[in-house]
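Asker: Sequence isn't available, so here's the structure alone:
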């Protein structure tokens, strides 16, 4: 297990990782106590990497055959190959707009690993290149869910038996969901949940931060042993309450 802080980790990575072929988890972050998606000083991080490349005289590249979990900045994707990757958390640097393309190249170079969990800050860019969302992904973490996000993830295939994007999604984790997006969140949950038990994949929705400005009703977070009395739940939460009654966490 290796954890580095940015800025300043690049030189260490170049000299240490080639000696660690058995690394299974790599975490490159500004501060482990801050939000997963902090990207302050992105240009400074880029400058650190460029300085390291100039110092060693070549483009560094890391082939980590046993790496299963990685958290890194998107602009570092071209420098990694990870054939065993299962979990990937990407912090996108604002000076780079083609991180979806870099992600596709990374997956192809890594032999299309069985990626199960993905976390991204800017999901809209990934949706523009829909193939960037690996169909094997079951866990998705996003910083912000808005109307377009929930609507896109509610779109079904032509036969109506599955979904166009991440048909096997089991767990959605959202950091921010504004109050005016609740109807679209409810639509998303209902569309995935109402496929019926035989075709349903969604199991849980997690709010890492909070719904703003309205708090989530406590009865949804800790439902009683008995079924929730939907009549006592605010209208905007009733669809989700029904799903919770039927087993959604």
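Answerer: It's in. Predicted, not measured: the structure shown is a model, and the values here were computed from it.
Asker: any idea how far residue 102 is from residue 126?
Answerer: 11 Å (C-beta to C-beta, to the nearest Å). Every residue, glycine included, has its C-beta placed from N, CA and C.
Asker: my bad, should have said residue 151
Answerer: Distance, residue 151 to residue 102, using C-beta to C-beta: 26 Å.
Asker: the more surrounded of these two?
Answerer: Neighbour totals were compared for residue 151 and residue 102, and residue 102 leads with 18 against 13 (other C-beta atoms under 10 Å).
Asker: Quick one: the strands in the protein, in order.
Answerer: Remark: strands assigned in the chain by DSSP state E are 2-5, 25-29, 62-63, 69-73, 80-81, 87-91, 117-120, 139-144, 171-178, 204-212.
Asker: Which of those has the lowest mean pLDDT?
Answerer: Mean pLDDT values for the strands of the chain show the minimum at strand 2-5, a mean of 54.
Asker: wait, what's in contact with the spatially most central residue of the chain?
Answerer: Residue closest to the average C-alpha location in the chain (C-alpha atoms, centre = their mean): residue 119, at 1.7 Å. By C-beta atoms under 8 Å, 6 or more residues apart in numbering, residue 119 lies in contact with 36, 71, 88, 89, 90, 140, 141, 142, 173.
Asker: What count of nearby residues applies to the last one?
Answerer: Spelled out, it's residue 173. Counted by other C-beta under 10 Å, the residues lying close to residue 173 total 18.
Asker: does it have beta-bridge partners, and which?
Answerer: residue 141, residue 206 (DSSP bridges).
Asker: ok, it to residue 219 distance?
Answerer: 21 Å.
Asker: now the fifth one
Answerer: For residue 90, the distance to residue 219 equals 35 Å [C-beta to C-beta].
Asker: Tell me which of those two has more neighbours.
Answerer: The neighbour count for residue 90 versus residue 219, taken as other C-beta under 10 Å, is higher for residue 90 (26 against 16).
Asker: mind checking how far the more buried one is from residue 108?
Answerer: 16 Å.
Asker: can you check residue 168 too?
Answerer: To residue 108, residue 168 is 21 Å away according to C-beta to C-beta.
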